[in-house]
Structure formats: structure tokens, C-alpha cells
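Participant: quick one, what's the 3D model for this:
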Amino acid sequence: MNLITLQIAAHPTGLNWYEGPWDGWSLKEMDRAIAQARKVTLGFTLVLAIEAVFLALLDQPSRRSTVSDILVYGMASVGYLLTLALAIVVNPTDSFWELNDDHDLATLSPDWYMPALIGVAIATLTGLTIWLFARTRDVFRSDASRGDGGRIQ
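Facilitator: So this is what the prediction gives:
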């Protein structure tokens, strides 16, 4: 979403940040802000990708899950969701990023941008919840098949 928004912002129409027409200087400032925003987006993407790989490595279907595994899955999922929330709140195309509002890329972002980011977060939360529920159900099913009545010891 950030990269799509940055691509849209890279072709400005109307007035610039200072309520004047775009000129060479303001376009250069915008290019610098967009370059920085792309670097930050890449950083967040790499961190989230590493965390996603870690979650995928935790999910080994060949081995039976235990209660302690579910706790690890839960903590890893919460860590992933917190990183995603941080990436959404402190993203380089939001006015929060540049507190002085001198080069606010948020003014150049389309109206659908923040709802789309929130939609991604809700879809991720839903997916992780379903995954964690399925893993938890496997734990209780394997406990019941052992004959201890599904009790956690």
C-alpha cells in the first residue's frame, strides 16, 4: 500500500505543500521525501518478512503441537501484529512521520490509503487468529486421543 501511494504521490497535481505551484525546488524536496519513505517501507517490509518466515518455521505439521508450542505461536503472532501496527501508525506517508508537516506526504496520499492499511491489518489479525485456533484445536484433539480426556497437565 505504501509503494502504491508513493507512486501516486510522485506525480503531483494541484498545489504543493506550501500552497504554491510545483516548481523545481519543491519537486526535488518531494523526491527526497519519497526516497526516504521508500527506504522506511523497505525496512518495515523486511522486518515483517523475517517475522513471517519465523511464524512459518514454527508451523511444522509433521510434529504434534503442545500447549507450550501454542504459547510460542501466540507470542510470535502478537509480536508480528505489534510490528504491523507500528508499521501502519508510524508509516512514512502519514503526517505523524514528519511532525513539522513541512513535507507531509499524507496530503498527497489518496483517500483510500488508510482504510486499505487498516483492512490489511484486520485481514492479518483474522488469519493469525484462525491459524492459532486451528493449532490449539489440534493440541486438544491429540490430548483427547491419548485418553486423558483433553486435560492439560
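
Participant: neighbours of L27, how many?
Facilitator: Neighbours of L27 under the rule other C-beta atoms under 10 Å: 13. C-beta: built from backbone N, CA, C; applies to glycine.

Participant: A10 too?
Facilitator: For A10, using other C-beta under 10 Å, the count is 15.

Participant: now do the contacts for it.
Facilitator: A10 makes contacts with 30-31, 34, as judged by C-beta atoms under 8 Å, 6 or more residues apart in numbering.

Participant: what sits against V72?
Facilitator: Going by C-beta under 8 Å, 6+ apart, V72 touches L58.

Participant: mind checking pLDDT for it?
Facilitator: pLDDT for V72: 84.

Participant: check which helix or strand covers it.
Facilitator: Take DSSP states H and E as the rule and V72 turns out to sit in helix 67-89.

Participant: off-centre distance for the longest helix along the chain?
Facilitator: Secondary structure assigned by DSSP state H gives helix 24-58 as the longest helix of the chain. With C-alpha atoms, centre = their mean, to the nearest Å as the basis, helix 24-58 stands 11 Å off its chain's centre.
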